[in-house]
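[1] Quick one: sequence plus predicted model below, questions after.
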Amino acid sequence: MQQSTSIQRALLSVSDKTGIVELAKALAEKGIEILSTGGTASLLRQSGITVKDVSEHTGHPEIMDGRVKTLHPKIHGGILGRRDIDSRVMEKHEIAPIDLVVVNLYPFAATVAKEDCTLEDAIENIDIGGPTMVRAAAKNHKDVLIVVNPSDYKAVIDELSSSANQISYKLRFDYAVKAFEHTAQYEGMIADYLGKQLNKVDHECEDNCDLEHSLFPRTLNIQMTKKQELRYGENSHQSAAFYVEHDIQEASVASAVQIQGKALSFNNIADTDSALECVKEFEEPACVIVKHANPCGVAISQTISQAYELAYQTDPTSAFGGIIAFNRELDGETAEKIISRQFVEVIIAPSVNDDAKEVIAQKQNVRLLECGDWRGQLTEGHDFKRVNGGMLVQERDFGMVDASDLKVVTKRTPNAQELEDLMFTWKVAKYVKSNAIVYSKAGQTIGVGAGQMSRVYSAKIAGIKAADENLVVEGCAMASDAFFPFRDGIDAAASAGITAVIQPGGSMRDDEVIAAADEHNIAMVFTGMRHFKH
Ligand SMILES: NC(=O)c1ncn([C@@H]2O[C@H](COP(=O)(O)O)[C@@H](O)[C@H]2O)c1NC=O
């Protein structure tokens, strides 16, 4: 069994100085000697804490603007020395053991996030001495405690207080793992940043040369933290977990807080993401109901209660057991409507008021999530798709046309109502799996045909669904996520009663497709941008 370590000497060297004074005070009160580097030492001294400078301890000054300060055998020997095996060599070279290392690293991420960051700034913010101490202490966790996170200071103080300056092996091992997670993330960040400049750097250029960024580094480092283990994966014979970004910048399913309900499953999370990302597309109060990764009802209206009503009417059959997302605070009236009418797996909204919480509490199994407001937060980034043996990486699909980008290609121009319907329908189609066909009118989806291998079948399915729910297709707008390869899709739409069409255009047979629309007096617009979703 591994022994507790008695802490007698600590080295504190931190960029993020949050909580360091409180920690140092607690250490000093316990009689622990504190060694520290320039900025950290002067802060501690200002707070009345007795500190020994690392430079005094090593007998060597900090040099090269701090590039070399802790890189010394008296520091690394003190951290790495095995107390049982190396004690004689430590004595011989007058190396005093360092039992506690508290380090956090130069703020590389914050530095490169600045718009005016130069390569020189980035390079100066690559910490060398810090990670070296962190890795050394983590490697020698048998004798040393490494602490990289200010949020762990309290646990350290508590354990020192309760066990006469002893730290258990359990805590040392746990924090050693955290330390390697921390340095791995740090190295990954640096490699990604520099990798993005690879083809761009003119190696002859001056220090402040203007760097263009390429989106895709040579090696892709993805660091995520496990948020939760899931009961199982897509199917019950697959185990699964949910990993999230370290520093989530945008309200999302990853940052959402669960207010109540059963534990989220793999499919719940995937479908909630689909619903939430779709509802973000709308400015007006909106509701999106998703089933198996596809919207089965989407609507906008004056209130989210009305929007829910309309979204539900699109396809009540599929809405059963669905995932419902809103882009406004969930209120009691809307919550009541939902739970009195249908079985729902997940409801997500930027916020949930107390009335709504009370109403949903009547159905304890319903998973209720609050994700916060995303306005002004939409972050660029990558989308990933795993294939066997690799990963496809692309930019997030932020593409969206507005009405002024549309090109009218038919004899008839859409009227104002048709134009609104076309824009709404197009936004929905972006979130429907290919081949996607969406029919809608007056801010309500009327039929959704998703994920078919041929576009004409998606159109047929949209029509069948509308008919089954007694919804009127006559006068609807139709969106197609990609161009029509043949005129048959337009002919089918016309016979269903569609009067306006939005699609990217770009088929070899666009002329034939436009002629078909003209024959049926359909107003058709091209977006010049498609939204395949696989
Ligand atoms: N060069 C070194 O020997 C060295 N030793 C520690 N550091 C870093 O210096 C920072 C603390 O510096 P200061 O105490 O001067 O504010 C920490 O982020 C620590 O990781 C170093 N800096 C960079 O490599």
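    Looks like it arrived, so ask away. For clarity, every value in this text was computed on a predicted model and none was experimentally measured.
[2] Close to the ligand: what parts of this structure are there?
    Along the chain, the residues adjacent to the ligand under the rule C-beta under 6 Å from any ligand atom are 13-15, 37-40, 66-71, 103-106, 127-130. Where you see a C-beta, it was placed from the backbone N, CA and C, and this is true even at glycine.
[3] out of the residues you listed, which are buried?
    Buried residues within these, counting neighbours by 16 or more other C-beta atoms under 10 Å: 13-15, 37, 40, 66, 69-70, 103-106, 127, 129-130.
[4] and the most far-flung residue of the chain relative to its centre, how far is that from residue 224?
    Centroid-distance maximum for the chain: residue 92 at 52.0 Å, with C-alpha atoms, centre = their mean. Counting by C-beta to C-beta, to the nearest Å, the separation of residue 92 from residue 224 is 46 Å.
[5] And for the helix or strand bottoming out on mean pLDDT in the chain, what's in contact with it?
    The helix or strand of the chain with the lowest confidence, counting by mean pLDDT, DSSP states H and E, is strand 5-6 at a mean of 88. Residues external to strand 5-6 that are found in contact with it (C-beta atoms under 8 Å, 6 or more residues apart in numbering): 99, 143, 144, 145, 165, 166, 167, 169, 172.
[6] Let me have these in JSON lines, extended by distance to residue 75 and neighbour count.
    Written out in JSON lines, the entries for these read as follows (distance: C-beta to C-beta, whole Å; neighbours: other C-beta atoms under 10 Å):
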{"residue": "99", "distance to residue 75": "13", "neighbour count": "25"}
{"residue": "143", "distance to residue 75": "15", "neighbour count": "20"}
{"residue": "144", "distance to residue 75": "12", "neighbour count": "28"}
{"residue": "145", "distance to residue 75": "16", "neighbour count": "28"}
{"residue": "165", "distance to residue 75": "21", "neighbour count": "18"}
{"residue": "166", "distance to residue 75": "23", "neighbour count": "13"}
{"residue": "167", "distance to residue 75": "20", "neighbour count": "22"}
{"residue": "169", "distance to residue 75": "23", "neighbour count": "15"}
{"residue": "172", "distance to residue 75": "19", "neighbour count": "23"}
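[7] farthest pair in those residues?
    Comparing all pairs in those by C-beta to C-beta, the longest separation belongs to 165 and 169, at 15.1 Å.
[8] Residue 451 and residue 433 touch, don't they?
    Yes - counting by C-beta atoms under 8 Å, a contact exists between residue 451 and residue 433, whose distance comes to 4.0 Å.
[9] which residues are in contact with both of these two?
    residue 294.
[10] Tell me, how many residues neighbour the closest residue to the ligand within the stretch 251-400 of the chain?
    Shortest the stretch 251-400 of the chain-to-the ligand distance, computed as C-beta to the nearest ligand atom: residue-wise this is residue 379, at 26.6 Å. Counted with other C-beta atoms under 10 Å, the neighbours of residue 379 add up to 12.
[11] per-residue pLDDT, the nearest residue to residue 392 once chain neighbours are set aside?
    Leaving aside its sequence neighbours, residue 392 sits nearest to residue 385 (C-beta to C-beta, 6 or more residues apart in numbering; 4.4 Å). Taken from the predicted model, the pLDDT recorded for residue 385 is 94.
[12] Quick one: name whatever helix or strand follows the lengthiest helix in the chain.
    When the chain is scanned for its longest helix (criterion: DSSP state H), the result is helix 169-197. Beyond helix 169-197 in the direction of the C-terminus, DSSP states H and E gives the next helix or strand as strand 224-230.
[13] and that next one, average pLDDT?
    pLDDT averaged over strand 224-230 equals 94, rounded to a whole number.
[14] What pairs with the helix or strand that comes right after that strand, parallel or antiparallel?
    In the C-terminal direction, the helix or strand that comes right after strand 224-230 (DSSP H and E) is strand 240-245. With DSSP bridges as the criterion, the sheet partners recorded for strand 240-245 are strand 224-230 (antiparallel).
[15] would you put the C-alpha positions of the strand it pairs with in CSV?
    Taking only C-alpha atoms (Å, rounded to 0.1, in the frame of the first residue of the first chain), the coordinates of strand 224-230 have been written out as CSV:
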residue,chain,number,x,y,z
MET,A,224,-12.4,16.9,-24.4
THR,A,225,-13.5,16.3,-20.9
LYS,A,226,-15.9,13.5,-19.9
LYS,A,227,-19.1,15.1,-18.8
GLN,A,228,-20.9,11.9,-18.1
GLU,A,229,-21.0,8.2,-18.8
LEU,A,230,-24.2,7.1,-20.5
